[in-house]
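>>> give the three-dimensional model of this entry:
(2 chains)
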Amino acid sequence: MTARILLIDDETAFLEILAERMKARAMQVATASSAQEGLEKIAAGNFDVVVLDLRMPEVDGLQTLQTLKEKYPALEVILLTGHATVKESVAAIGLGALDILEKPADLDALTEKIQIAQAKKMLIVEQRAQARVKEIVVGKGW
Amino acid sequence: MGGAMSEHADHLGTQGLQFFGKVSASISHELKNVLAVLNENAGLMEDLSFAAERGKAIAPEQLQRISGNFSRQIRRADAILKVMNRFAHSVDHSRARIDLTELTTLVATLAGRLAAMRNITLDVIPPAEDITWETNPFLLENLIWLSLEKVMACSEGGGAVRFRLAKEAGEVVLSITAPIQLPADLVTNLPAGQVQLLSALAARLVLGPTGSELEIRLGCRESPAVGEEATGGEGKKG
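Predicted coordinates:
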């Protein structure tokens, strides 16, 4: 199964080419040039992984990350940023980011992180399904 | 006396370094973005050549688009570095006659990215006639930057912040107009470093008549050399 990926970055020249390269690798990619647009797309669509810029106008990446993890705990978020301080990196991991990559990043490295994110998400979904099945079995006394 | 002078220099030095650090961090972040775009375009060329090796034709428009992207980002990086270079050279002389519109525009350009992060646009409205002033260029840039930070911190909803320069009764007034009313305590209880900066520049910080302008009033005489005491700001030393 191909991961559905949303790229959120205010640097549209970067976003456009990265999305094009990922699509050429048969990835399902959508883009958003602001945190607000990203949140709207996530609410309307069904994404597995978000690649998020840490520094954006209006709402910054850490705030967006917090909102995303609160609303969609199973969604995996990879931060992609120009610079991240140690404090920001610790905060991001604490908020549930899968990893932080520094720009300019190698697409193969990003792809690898996306694959890890997808595997992690699938594991969580599987664990939840198993827990639900167990709940039903116990509930019915089977 | 010597101790007070040294403390004075320490405050100005620390504040100046913080200013330099913030500007450098912002510029390096912008350059990282440029590199990221160049990196993706280089990657796209590599992808195309890889496909071409396997017999897929490359459309000339694709190459033109990539080369256009490279040129745009190179121009962008060049503009960023020019501004950075001008800023770096502002510490060359502790006293120089400067064009205030040019200096204000430089600070506005340096702060452009940080303003955009808050959804704020910065406009410098030039005066009818050029206004020049003999001062310490770096300290004045620092004062404008700190004043702009104050105005932006109050402008939470974003909007346009405008710089206007004028001569009034022997003073030069640089107004920084916010899209909202500014709090009256914006010009009181200033940190020691800012009070000393105002003193070193023989400047005052006041609120303008409508309450939405923060005014830097450059004294009735041009600023003294650093270390020479002048009239202070409206804040208190703390």
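>>> doesn't B:Ser71 lie inside a helix?
Yes - according to DSSP: H, G, I helix; E, B strand; the rest coil, B:Ser71 belongs to a helix.
>>> interface residues of chain A facing chain B?
A:11, A:13-14, A:17-18, A:20-21, A:24, A:55-58, A:60, A:82-83, A:102-105, A:107 (C-beta under 8 Å from any C-beta of the partner chain). For the C-beta atoms, the positions are set from N, CA and C on the backbone; glycine is no exception.
>>> out of the residues you listed, which end up buried?
Listed as buried from these are A:11, A:13-14, A:17-18, A:21, A:55-57, A:82, A:103-105, A:107; burial here means 16 or more other C-beta atoms under 10 Å in any protein chain shown.
>>> what about B:Leu174, helix or strand, and which?
Taking DSSP states H and E as the criterion, B:Leu174 maps to strand B:171-177.
>>> quick one: the host helix or strand of B:Val37 near chain A?
B:Val37 belongs to helix B:2-53 when elements are defined using DSSP H and E. Yes - contact between helix B:2-53 and chain A, assessed by C-beta under 8 Å from any C-beta, occurs at B:25, B:28-29, B:32-33, B:35-41, B:43-44, B:47.
>>> now that helix: how far from the chain's centre is it?
The chain centroid and the centroid of helix B:2-53 are separated by 15 Å under C-alpha atoms, centre = their mean, to the nearest Å.
>>> count of neighbours near A:Ala44?
Neighbour count of A:Ala44, defined by other C-beta atoms under 10 Å in any protein chain shown: 8.
>>> that should have said A:Ala92, apologies.
Neighbour count for A:Ala92, taken as other C-beta under 10 Å: 24.
>>> list the buried residues of the host helix or strand of it.
Using DSSP H and E, the secondary-structure element containing A:Ala92 is helix A:86-94. By neighbour count on 16+ other C-beta under 10 Å, the buried set for helix A:86-94 is A:Glu88, A:Ser89, A:Ala92.
>>> just those now: which is nearest B:Glu129?
Nearest to B:Glu129 out of those is A:Glu88 (C-beta to C-beta; 46.3 Å).
>>> tell me the contacts of the closest one?
Applying C-beta atoms under 8 Å, 6 or more residues apart in numbering or on different chains, we find A:Glu88 in contact with A:Leu54, A:Leu62.
>>> likewise A:Ala13?
A:Ala13 makes contact with B:Val37, B:Asn69, B:Arg72, B:Gln73 under the criterion C-beta under 8 Å, 6+ apart.
>>> so what touches the longest strand along chain B?
Counting residues, the longest strand in chain B under DSSP state E turns out to be strand B:159-168. Strand B:159-168 has contacts (C-beta under 8 Å, 6+ apart) with B:100-101, B:104, B:108, B:115, B:119-127, B:131, B:148, B:151-152, B:155, B:172-180.
>>> A:Glu16 versus the nearest residue to A:Thr81 once chain neighbours are set aside, what's the distance?
Once flanking residues are discounted, A:Thr81 sits nearest to A:Leu54: 3.6 Å by C-beta to C-beta, 6 or more residues apart in numbering or on different chains. A:Leu54 sits 20 Å away from A:Glu16, going by C-beta to C-beta, to the nearest Å.
>>> between those two, tell me which one has more neighbours.
Comparing A:Leu54 with A:Glu16 by other C-beta under 10 Å, the one with more neighbours is A:Leu54, at 25 against 17.
>>> from the geometric centre of chain B, which residue sits farthest away?
Computed with C-alpha atoms, centre = their mean, the residue of chain B farthest from its C-alpha average is B:Gly55, at 51.7 Å.
>>> and that one, how close does it get to B:Gly43?
Taken as C-beta to C-beta, the span from B:Gly55 to B:Gly43 is 21 Å.
>>> ok, the residue lying closest to B:Ala25 once chain neighbours are set aside - contacts?
Among residues not flanking B:Ala25 along the chain, A:His83 sits closest, at 7.4 Å (C-beta to C-beta, 6+ apart). Counting by C-beta under 8 Å, 6+ apart, A:His83 touches A:Glu102, B:Ala25, B:Ser28, B:His29, B:Lys32.
>>> what's the neighbour count on residue 116?
Since you didn't name a chain, this refers to chain A. Neighbour number of A:Ile116 under other C-beta under 10 Å is 15.
>>> wrong chain, I was asking about chain B
For B:Ala116, using other C-beta under 10 Å, the count is 16.
>>> which helices and strands does the host helix or strand of it pack with?
Remark: B:Ala116 resides in helix B:100-117, with elements defined by DSSP H and E. For helix B:100-117, the elements it packs on are helix B:2-53, helix B:60-88, strand B:120-125, helix B:137-154, strand B:159-168, strand B:171-177, judged by 3 or more C-beta pairs under 8 Å, 6 or more residues apart in numbering or on different chains; DSSP states H and E.
>>> export the ones you listed to CSV and append columns for mean pLDDT.
Shown next, in CSV, are the helices and strands packed on helix B:100-117 (pLDDT from 0 to 100):
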stretch, mean pLDDT
helix B:2-53, 88
helix B:60-88, 96
strand B:120-125, 96
helix B:137-154, 96
strand B:159-168, 95
strand B:171-177, 95
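>>> how far off centre is the helix ranked longest in chain A?
Using DSSP state H to define each element, chain A has its longest helix at helix A:107-140. For helix A:107-140, the gap between its own C-alpha mean and the chain's C-alpha mean amounts to 14 Å (C-alpha atoms, centre = their mean).
>>> pLDDT averaged over it - what is it?
Helix A:107-140 comes out with an average pLDDT of 89.
>>> buried residues in that helix?
A:Leu107, A:Leu110, A:Thr111, A:Lys113, A:Ile114, A:Ala117, A:Gln118, A:Lys121.
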